[in-house]
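# here you go, sequence then predicted model.
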Amino acid sequence: MNAIDPSTVPATTPATASARELTPLLTLACGVIALNIAAAQPLVGVIAHSLGLSLAATGLVTMATLLGYSAGMVFLVPLTDLVENRRLVLGTLALDVIAMLASAWAPGAATYLVAAFAVGAATSSIQMLVPLAASFAPEAERGRVVGNVMSGLMIGILVSRPLASLIGSAYGWRDVFVIFAIAITLMTLVLRKRLPTMQPVHRMRYGTLVRSLWPLIRSERVLQRHALSAILAFGAFNVFWTIIALRLAQPPFGLGANGIAAFAMAGVGGSVIAPIAGRLGDRGWTRPLNVLMHLLIIASMALAWIAGDRAPIAGLVLMVAASLLLDIGTVGDQTLGRRAINVIRPEARGRLNGLFTGAFFVGGAGASALAGVAWAVGGWDLTCALGVVFGVAALAVSLSAYSRNASP
């Protein structure tokens, strides 16, 4: 018999809401909602200047959203094990739209950073949708389904950069958030019509639910290992993408907003690894693939460092290749980790997803802040060195699974 998540048994039957029917909708929804996560990255210099932030504090522009996202993972996503899921998703998206508009109209740095934190927290609704897709899928196909939905998330993150850059160049950075808020509003209306209701089976108080997170962290070795791996891999990812717009605006590249947007589009190709990694994970290839993903991350940061000292055309070609390798490595690491944790404790799937994703977004937020400092102190060389450190640490985690013969 196929395993169905008992914590979120659908009110509709599989005949009316199957994984095959829901996956395209949830993939699209994750992509649209994810526009928020990286919207500020290509605009970090413009936003920081507009808000009066120093060069060393530019990383706070992206850090606030990522830190909010991780908070949403810990304090909002576990509500999927407590509250009817459709109502929770729609309510969280409504808050997302309000926070986006507050970011657009923020008069100063403090207001913007608070609003950006709220945007990140509300964007955690993505991780309410991923377990929903997994709960309808047979266990043998769960990696593929999660990979497909995750590809929507990553495409949204990667596409948001060039879109934000182009919109910001044409209308200003504040209008980026207004337009993205409109897109999320429209997606919310679609989900309101199409999303099935999902009632959790096990009712408990919110405080009890939150307190149950620590025992999960302490007892689940698979969660511990994949969360640490994802923290480090996503750290390298955010080191690169927090600073790359600033580097490309400098000699020898001298790119404007349109050029940076075109560069950001190159990384979209990395999203194709998500469904592939999910399928290979289903076939038992999780551990060797994790090692490969981390090697790609290290190679990408080394290549980015080399690209910084080359002539404009050669340097851009190498930088595009570095961004593609980095995106493949990061997306692959996250997909493999998510697939692994989705099969260990079905009754706690919402909480496990929240802990896993919240962990690596904390890593991403911290890495964004460190990237700003590295850029101010040592320029592109120190920034790339920081990315390599994150990548090497992630590799050490994945190799340790071999030495201990740990489960995937």
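Received, thanks. Please read all numbers here as calculations on a predicted model, not as lab measurements.
# low pLDDT regions in the protein?
Applying pLDDT under 70 to the chain flags the ranges 1-19, 139-140, 142-143, 201-203, 267, 271, 274, 347, 402-408.
# tell me where the protein has strands.
9-10, 198-199 (DSSP state E).
# give the pairing partners of the last one; include direction for each.
Same thing as strand 198-199. Strand 198-199 has the following sheet partners, assigned by DSSP bridges: strand 9-10 (antiparallel).
# isn't I126 right up against G31?
No - taking CB atoms under 8 Å as the definition, I126 is not a contact partner of G31, at 9.3 Å. In short, each C-beta sits where N, CA and C put it, glycine included.
# common neighbours of these two, please.
Residues touching both I126 and G31 (CB atoms under 8 Å, 6 or more residues apart in numbering): L153.
# so L129 sits against A29, correct?
Yes - using CB under 8 Å, L129 is in contact with A29, at 6.0 Å.
# those two: who's more crowded?
Neighbour count, other CB atoms under 10 Å: between L129 and A29, A29 has more, with 27 against 24.
# residue contacts, that one?
Shown in contact with A29 (CB under 8 Å, 6+ apart): 126, 129, 152, 187, 190-191.
# go on, I298?
Taking CB under 8 Å, 6+ apart, one finds 388, 391-392, 395 in contact with I298.
# now do the same contact list for V176.
Contacts of V176 by CB under 8 Å, 6+ apart are 39, 43, 104, 163-164, 167-168.
# between those residues, which is closest to R221?
A39 (35.6 Å; CB to CB).
# quick one: residues contacting the closest one.
Here A39 is in contact with 160-161, 163-164, 176-177, 180 (CB under 8 Å, 6+ apart).
# and it, its phi and psi?
phi -60, psi -40 (degrees, to the nearest 10).
# and it, how far is that from S103?
Noted for A39: a distance of 9 Å to S103, by CB to CB, to the nearest Å.
# the contacts of V176: which two are farthest apart?
A104 and L163 (15.1 Å).
# neighbour count winner among these two?
Shown here are A104 and L163; by other CB under 10 Å, L163 has more neighbours (22 against 19).
# doesn't L35 make contact with the more buried one?
Yes - counting by CB under 8 Å, L35 is a contact partner of L163 at 7.1 Å.
# what's the neighbour count on R283?
Using other CB under 10 Å, R283 has 8 neighbouring residues.
# check contacts around G329.
Counted by CB under 8 Å, 6+ apart, G329 has contacts 233, 293-297, 300, 391.
# ok so, going back, and which of the contacts of A39 is nearest A257?
A164 (9.5 Å).
# how about the contacts made by that closest one?
Counting by CB under 8 Å, 6+ apart, A164 touches 38-43, 173, 176, 180.
# and V145, by the same measure?
19, 23, 133-134, 136-137, 278.
# what subset of those residues is buried?
19, 23, 133-134, 136-137, 278 (16 or more other CB atoms under 10 Å).
# closest one of those residues to V362?
When the buried ones among the contacts of V145 are compared against V362 (criterion: CB to CB), the nearest one is A134, at 22.7 Å.
# just put the contacts of G329 in TSV and tack on neighbour count and distance to G378.
Listed next are the contacts of G329 as TSV, based on neighbours: other CB atoms under 10 Å; distance: CB to CB, whole Å:
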residue	neighbour count	distance to G378
A233	33	22
M293	28	27
H294	28	24
L295	16	25
L296	23	24
I297	32	20
S300	29	19
G391	29	18
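# out of those residues, which one sits closest to G147?
M293 (13.5 Å).
# and that closest one, what does it touch?
Contact analysis of M293 by CB under 8 Å, 6+ apart lists 233, 277, 328-330, 332-333, 336, 398.
# repeat for R247
If you count contacts by CB under 8 Å, 6+ apart, then R247 has 253, 308, 380, 383 around it.
# and if you look at V388?
236, 298, 301-302, 305.
# what's near enough to touch A121?
Per CB under 8 Å, 6+ apart, neighbours of A121: 68-69, 71-72, 75-76, 95, 99.
# overlap in contacts of A39 and S103?
In contact with both A39 and S103: F177, using CB under 8 Å, 6+ apart.
# so G372 sits against V239, correct?
No - G372 is beyond contact range of V239, at 9.8 Å (criterion: CB under 8 Å).
# who has more neighbours, the two?
Neighbour count, other CB under 10 Å: between G372 and V239, V239 has more, with 31 against 28.
# picking that back up, greatest separation within the buried ones among the contacts of V145: which pair is it?
F136 and G278 (15.2 Å).
# for stretch 105-119, list every residue counted as buried.
106, 109, 112-119.
# what sits up against that stretch?
36, 40, 47, 51-53, 60-61, 64-65, 67-68, 71, 95-96, 99-100, 102-103, 174.
# buried members of those residues into PyMOL, please.
Remark: buried members of the contacts of stretch 105-119, expressed as a PyMOL selection using 16+ other CB under 10 Å:
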select buried, resi 36+40+47+51+53+60+61+64+65+67+68+71+95+96+99+100+102+103+174
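# in this protein, which helix is the longest?
In the chain, taking DSSP state H as the definition, the longest helix is helix 349-403.
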